[in-house]
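Asker: Sequence and predicted structure are below.
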Amino acid sequence: MNLKGEPAFVGRHCGSNTYDISPEVVAFYADALDDHHPLYGELAPPLLHHSECFKFVGEWYLANLFGNLHAQQDWELFAPIAVGSRVRSRSTVIERFSKRGRDYVVNETDLVDDGDGRLLVRGRTFQSFLPPKPGEGEAGYVVDESTAKRKQGQERRPSFPTATGADLAPVKKTVDERRCWMFSGPGRNYHTDREQARNLGFPNIVVQGMMSTCFVAQVMQDSFGMGWIQGGKMSVKLTNVLWVDESVTIHGKIREEVPEGTRTRVHCDVWVEKDDATRVALGTASAVR
C-alpha cells in the first residue's frame, strides 16, 4: 500500500541516514554553538545531529506550513557518540493530536551505532501546524514581537521554576545571523532568511527552537559531564519565539536527587530567558552521578 504523500500517520517510517562522526563535524558544532567542552575530543556532542528529524519533513510535516512552530522537544541520551564512529538514524511518526486550534505531529528520531546497533540518542519533536484557512499568508503575521508579549501577559502560567535546590552555572548566548546559518543552514529557510520567514508568517528570522535545547544541553553537560552524555534526559516546551540578534541566558536549578541503582539521578528545572525576562523555553532535565 503506497501512502507516500498522504498526511502523516502514526507508525510512518520517515527515513534513515548514515553519518561518519569526524573531528571536523564536531568542530563545526562547537563553533556554531560556542560550546567547547573538553570531552569533545574523543566524544561528539550528544545533540550533534539535533535536526535530523527535519531531514525528512516531506514525510511527516502537514501540508500547511504557514505559521508552523516547534512546540516541544524531548531528548534521551543512552550512550556516548565516539569520534571516528559511524551512526545511523531512524525517523518515525509516533503520535498525532489536536490542541487549542493547532494540529500536532510527533516525530521520534533514533540515532544508533551503525556497527553494533546500540541506541545512542532518542529525540521526540512536537511540531504544531495551523489548519488551512482561506487567504492565509496574504497579510499579517502569525506571531510578531507584540503578539508574543501580549500572549505572555494574558496567559496565567503555573509558577516556574519550582525547584529550590542549587543553581547550575548559567550560560549566556547571543544568536546572530551567522549562528543561525551555521545551525540551520546552509539552505534558505525561515531560520536563516528574512524573506523566507515572512513567507511563513513571521516578520524576522525565527531562531530554530532546537538551538535552545542545545543550549540547555550545554548547561547540563558543564554541570554533570559523562552523567549527562550517558543517561541524560530533557523535556522542554518552546513557549515563545526567539528572534535573530536577541540574547538569552540559560538557567538550571536542582529540584531533587533520587537513587537510581548504585547512582543518583539529579532532576533539574531548566529554562531559557531573554534579556527582558521573556522565557522562550522551559522544562525539566536530569543527569546521573
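Answerer: Everything's here; your move.

Asker: Go ahead and measure how far the one helix or strand Arg198 maps to is from the middle of the chain.
Answerer: Assigned by DSSP states H and E, Arg198 falls within helix 194-199. Put simply, helix 194-199 sits 21 Å off its chain's centre (Cα atoms, centre = their mean, to the nearest Å).

Asker: do stretch 198-208 as well
Answerer: Its chain's C-alpha centre and that of stretch 198-208 lie 17 Å apart, by Cα atoms, centre = their mean.

Asker: Ends of that stretch, what's the gap?
Answerer: End-to-end distance for stretch 198-208: 15 Å, by Cα to Cα, to the nearest Å.

Asker: Spell out the residue ranges of the helices in the stretch 101-250 of the chain.
Answerer: 145-154, 177-184, 194-199, 209-224, 226-229 (DSSP state H, counting those that start in this stretch).

Asker: on that earlier part again, contacts for the helix holding Arg198, please.
Answerer: Gly137, Arg188, Asn189, Tyr190, His191, Pro203, Asn204, Ile205, Val206 (Cβ atoms under 8 Å, 6 or more residues apart in numbering). No exception for glycine: its C-beta is placed from N, CA and C like everyone else's.

Asker: Can you add pLDDT and give these back as TSV?
Answerer: Compiled in TSV, the contacts of helix 194-199 are given as follows (pLDDT from 0 to 100):
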residue	pLDDT
Gly137	46
Arg188	94
Asn189	93
Tyr190	91
His191	95
Pro203	94
Asn204	95
Ile205	96
Val206	94
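
Asker: one step back: list just the one of the helices of the stretch 101-250 of the chain that sits closest to His267.
Answerer: Nearest to His267 among the helices of the stretch 101-250 of the chain is helix 209-224 (11.3 Å), distances taken as Cβ to Cβ.

Asker: thinking Ala104 is in contact with Ile94, fair?
Answerer: One thing to correct before we go on: residue 104 is Tyr, not Ala. No. Tyr104 lies out of contact with Ile94 (Cβ atoms under 8 Å); the separation is 11.4 Å.

Asker: re the thing from before, now, which of the contacts of helix 194-199 sits nearest Val26?
Answerer: Within the contacts of helix 194-199, proximity to Val26 (Cβ to Cβ) peaks at His191, which comes in at 21.6 Å.

Asker: Need the nearest residue in space to the residue nearest the centre of the chain, chain neighbours excluded.
Answerer: Residue closest to the average C-alpha location in the chain (Cα atoms, centre = their mean): Met210, at 2.6 Å. Spatially, and ignoring its direct neighbours in sequence, Met210 is nearest to His50 (4.8 Å; Cβ to Cβ, 6 or more residues apart in numbering).

Asker: Let me know whether that neighbour touches Thr213 as I believe.
Answerer: Yes. The criterion here is Cβ under 8 Å, and His50 meets it with Thr213 at 7.0 Å.

Asker: Over to Ala27. Which of the three states is it?
Answerer: Three-state call for Ala27 (DSSP: H, G, I helix; E, B strand; the rest coil): helix.

Asker: circling back to that earlier point, pretty sure the residue nearest to Met210 is in a strand, no?
Answerer: No. Going by three-state DSSP, the assignment for His50 is coil, not a strand.

Asker: Could you tell me how many residues sit around it?
Answerer: Using other Cβ atoms under 10 Å, His50 has 24 other residues around it.

Asker: and the gap between it and His70?
Answerer: According to Cβ to Cβ, to the nearest Å, His50 stands 11 Å off from His70.

Asker: what's the answer for Leu282, then?
Answerer: Distance, Leu282 to His70, by Cβ to Cβ: 14 Å.

Asker: Likewise for Ala281?
Answerer: 10 Å.

Asker: Centre of the chain to stretch 199-211, how far?
Answerer: The chain centre lies 14 Å from the centre of stretch 199-211; the measure is Cα atoms, centre = their mean.

Asker: Understood, closing this out.
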